[in-house]
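>>> Provided below for reference: sequence and predicted model.
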Amino acid sequence: MIHAMRDVIVAANWKMHTTPVDAGELALTIASRTREPSVIRVICPPYVALAAVRDALAASDPDVGIGAQNVHHEAAGAYTGEISAAMLVGLAGWVIVGHSERRRDFGESDDRIGQKLGRATDAGLRAILCVGERAEERDAGEAEAVVGGQLRGALAAHDPALLAAAGLVIAYEPVWAIGTGRTALGSDAALMADAIRGTLVQLGWGSAAEDVPVLYGGSVTAANIAEFLAEPTIDGALVGGASLKPDEMAGMVARASLTARARLGAA
Ligand code: PGA
């Protein structure tokens, strides 16, 4: 069944690419080539380029969302080099939490990611919570259990109504697909989206689970995004490598607009 009301989102995760000098121009180029009002576009540059991207888009494309790639789990304190949710207010409206690269490189636990989620939503930031299994976990038939555990670990301490009102987005990103050129099958990603919403129901979300956008991420490009957007349970993509290329972004957002317009027509 097509869920007519869910947002269609294409979110660009620039990771540790671009500088404050070139990020604004890249954002402007991408914004001008992706003007599709039916699609929610989000650009997540490095922290230090947030202001440049905000300023570049302010006049011409204020409807492009700007996101941070991380946030600290405490509100303030002696955390040298860290960035709190309050510091992001005015720079970003969105934030990625729980990306697998941070789980892997910085040992972020589900519990910690849950704290980050709380800080983000308290500050009025819209969070994109990343979940996904590793290759050996999928091979062992444990993919849904792993993702379910990640969701329970991050979400159980939160009031579903608050997270739903804050517009929580979940990105299913199988670790083995990130930056590898290998993608999940659209059908497997769709099954995982169902499993994700099933876990939300178990966590007490009730019918609000159906309203949560679930994105697919992992080697998405303009050439393969259609496979995911063809699945009614998938609501867009979180894109790394291809999101730095204006041609790719133009192609992905154009394809996303077909889905978004079909949903608006069905509403
Ligand atoms: P990728 O990254 O598109 O380069 O695979 C996706 C992500 O890490 O969000």
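Thanks, I have it.

>>> Quick check: the residue of the stretch 1-150 of the chain nearest the ligand.
residue 13 (4.3 Å; C-beta to the nearest ligand atom). In short, each C-beta sits where N, CA and C put it, glycine included.

>>> beta partners of that residue?
residue 44 (DSSP bridges).

>>> Tally up the residues packed near it, please.
Residue 13 is flanked by 26 other residues according to other C-beta atoms under 10 Å.

>>> Hmm, it is touching residue 96, no?
Yes - under the criterion of C-beta atoms under 8 Å, residue 13 makes contact with residue 96 at 6.3 Å.

>>> Identify the contacts common to these two.
Counting by C-beta atoms under 8 Å, 6 or more residues apart in numbering, the shared contacts of residue 13 and residue 96 are 44, 69, 238.

>>> For beta bridges, what are the partners of the last one?
Yep, that's residue 238 we're talking about. residue 11, residue 217.

>>> Count the neighbours of it for me.
Neighbours of residue 238 using other C-beta under 10 Å come to 27.

>>> isn't it right next to residue 215, touching?
Yes - between residue 238 and residue 215 there is a contact under C-beta under 8 Å: 4.9 Å.

>>> Mind listing the shared neighbours of the two?
11, 128, 171.

>>> Out of those residues, the closest to residue 25 would be?
Comparing the shared contacts of residue 238 and residue 215 against residue 25 with C-beta to C-beta places residue 11 closest, at 19.8 Å.

>>> With residue 62 as the reference, measure out to the closest one.
Relative to residue 62, residue 11 is positioned 17 Å away (C-beta to C-beta, to the nearest Å).

>>> neighbour count winner among those two?
Between residue 11 and residue 62, counted using other C-beta under 10 Å, the more crowded position is residue 11 (23 against 11).

>>> can you list contacts of stretch 105-115?
Contacts of stretch 105-115 with the rest of the structure, by C-beta under 8 Å, 6+ apart, involve 73-74, 97-98, 102-103, 116, 129, 149-150, 152-158.

>>> For residue 61, which non-adjacent residue is closest in space?
The shortest distance from residue 61 to any non-neighbouring residue, by C-beta to C-beta, 6 or more residues apart in numbering, is to residue 31 (3.8 Å).

>>> Which secondary structure state does that neighbour sit in?
helix (DSSP: H, G, I helix; E, B strand; the rest coil).

>>> and it, what pLDDT?
Residue-level confidence at residue 31 comes out at 98, pLDDT.

>>> ok, now the one 4 residues further on?
What the model reports for residue 35 is a pLDDT of 97.

>>> Could you do residue 43 as well?
The model's pLDDT for residue 43 equals 98.

>>> neighbours of it, just the number please.
Neighbour count of residue 43, defined by other C-beta under 10 Å: 31.

>>> check contacts around it.
Residue 43 neighbours (C-beta under 8 Å, 6+ apart): 11, 12, 14, 27, 30, 31, 53, 64, 65, 66, 67, 243.

>>> longest helix in this structure, by residue count?
In the chain, with assignment by DSSP state H, the single longest helix is helix 246-266.

>>> in it, what's buried?
By neighbour count on 16 or more other C-beta atoms under 10 Å, the buried set for helix 246-266 is 246, 248-260, 262-263.

>>> now do stretch 228-246
Going by 16+ other C-beta under 10 Å, stretch 228-246 has these buried residues: 228-229, 231-246.

>>> which ones among those residues are found in helices?
Those of the buried residues of stretch 228-246 lying in helices (DSSP H): 228, 229, 246.

>>> what's the closest of those to the ligand?
Closest to the ligand, out of all of these and judged by C-beta to the nearest ligand atom, is residue 228, at 11.8 Å.
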